[in-house]
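**Q** What follows is a predicted protein model with its sequence.
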Amino acid sequence: MRGIVSIDEALSLAEKADLDLVNISPNADPPVCKILDYGKYRYEQQKKEKTAKKNQHVTEIKEIRLSASIEDHDVEVKAKAATKFLKDGDKVKVSLRFRGRERDYTQLGFDAMNKFAEMVSEYGVVEKPAKMEGRRMNMFLAPKKDKK
């Protein structure tokens, strides 16, 4: 800790120590600099970034498609796939397309969506409830947060 010193003095101190003068926080008033080995500093920063990148999980959106007249067993199979996605930490988009006259019976679609959401409620929560968008009905599920 040298305190506030002039640039020339800081450069001469770094030169005497055979190290580099590194600007750590240029936006601060006055700017914060350190005398250190810049190559080693960059190596450690890259190492930190690499470990942070390794530990992070990118959330993907997986899609499950249903139909208005889907049978119970088929819903169970698709719910099983959705629980697998939710366990992996991914979001699930459940979509249901109405064909022809099915569009007149949108209540069947809402029932199928609610049934599906109920089946996966142990592993996920409804992020966006079922909503009609043209011929499609979409619902988004997000994984439940682990309470540690």
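**A** Arrived safely, thanks for sending.

**Q** okay, CA-based contacts and neighbour counts for the rest of this
**A** Fine.

**Q** List the neighbouring strands of the one helix or strand Met137 maps to plus their orientation.
**A** Assignment of secondary structure by DSSP states H and E places Met137 within strand 136-143. When sheet partners are counted by DSSP bridges, strand 136-143 sits next to strand 91-97 (antiparallel), strand 124-133 (antiparallel).

**Q** which other residues reach the one helix or strand Ala79 maps to?
**A** Following DSSP H and E, the helix or strand that holds Ala79 is helix 72-87. Contact with helix 72-87 is made by 62, 64, 66, 91-92, 116, 119-120, 123-124, 142-144, as judged by CA atoms under 8 Å, 6 or more residues apart in numbering.

**Q** buried set for that helix?
**A** The neighbour-count check on helix 72-87 (16 or more other CA atoms under 10 Å) flags 75, 78-79, 82-83, 85-86 as buried.

**Q** same deal with stretch 133-147?
**A** Buried residues in stretch 133-147, counted by 16+ other CA under 10 Å: 136-143.

**Q** The residue most central in space within the chain - nearest residue in space that isn't next to it in sequence?
**A** The centroid of the chain falls nearest to Thr59 when counting by CA atoms, centre = their mean (4.0 Å). Among residues not flanking Thr59 along the chain, Asp90 sits closest, at 5.1 Å (CA to CA, 6 or more residues apart in numbering).

**Q** next one: Ala142
**A** Nearest non-adjacent residue to Ala142, counting by CA to CA, 6+ apart: Lys91, 4.7 Å away.

**Q** what's near enough to touch the one you found?
**A** Neighbour list for Lys91: 59-62, 85, 140-143 [criterion: CA under 8 Å, 6+ apart].

**Q** please redo it, this time with the cut-off set to 7 Å
**A** 59-62, 141-143 (CA atoms under 7 Å, 6 or more residues apart in numbering).

**Q** Repeat that for Ala14.
**A** With contact set as CA under 7 Å, 6+ apart, Ala14 has these partners: 20-21, 35.

**Q** Show me what the helix or strand harbouring Asn114 is packed against.
**A** Assigned by DSSP H and E, Asn114 belongs to helix 106-119. Under the contact criterion of 3 or more CA pairs under 7 Å, 6 or more residues apart in numbering; DSSP states H and E, the helices and strands touching helix 106-119 comprise helix 72-87, strand 124-133.
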